[in-house]
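**Student:** Kindly generate the corresponding structure for this input.
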Amino acid sequence: MAEPTLQITYVDRLDVSETFADSVEKIAFDGQVWRFEFCVTRMDEPNPPVMRGRKYPACRLVLGANAGMDLANKLRGMLEMMEKQGLVKQVSPADIILPPGTKPN
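**Tutor:** Got it, this is the predicted structure:
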């Protein structure tokens, strides 16, 4: 008897809202799930010489281990494509220049 074939069809839902984020604050993996916290930055009114702002969580996303690996593979493929097109360039940590007053991760 032949093994059954699994066939999954993607069905778009137009009612799912889109969330904007301008940074990733946290990524964690506990062996079972990936946890991501995406943030958005809101700047205070300009008050030179110091510009101040706040970072707010916009989305906390939890992915199963397989979905996290799928995301990593798709991002890797996209970055490779963008590098071939000259849109991004890999740099070594020694090439990164940090703004004054910041610390490397």
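**Student:** which regions of this protein lie under the pLDDT threshold?
**Tutor:** 104-105 (pLDDT under 70).
**Student:** And the most centrally placed residue in it, its phi and psi?
**Tutor:** Averaging the C-alpha coordinates of the chain gives a centre point, and the residue nearest to it by C-alpha atoms, centre = their mean is Val24 (5.6 Å). Backbone geometry at Val24, expressed as degrees, to the nearest 10, gives phi -110, psi 120.
**Student:** For it, give its distance to Glu45.
**Tutor:** For Val24, the distance to Glu45 under the criterion C-beta to C-beta, to the nearest Å works out to 27 Å. Every residue, glycine included, has its C-beta placed from N, CA and C.
**Student:** any idea which helix or strand carries the closest residue to the residue nearest to the centre of the chain other than its chain neighbours?
**Tutor:** Nearest-residue entry for Val24: Phe38, 5.8 Å, with adjacent residues in sequence omitted and distances by C-beta to C-beta, 6 or more residues apart in numbering. Under the assignment given by DSSP states H and E, the secondary-structure element containing Phe38 is strand 33-43.
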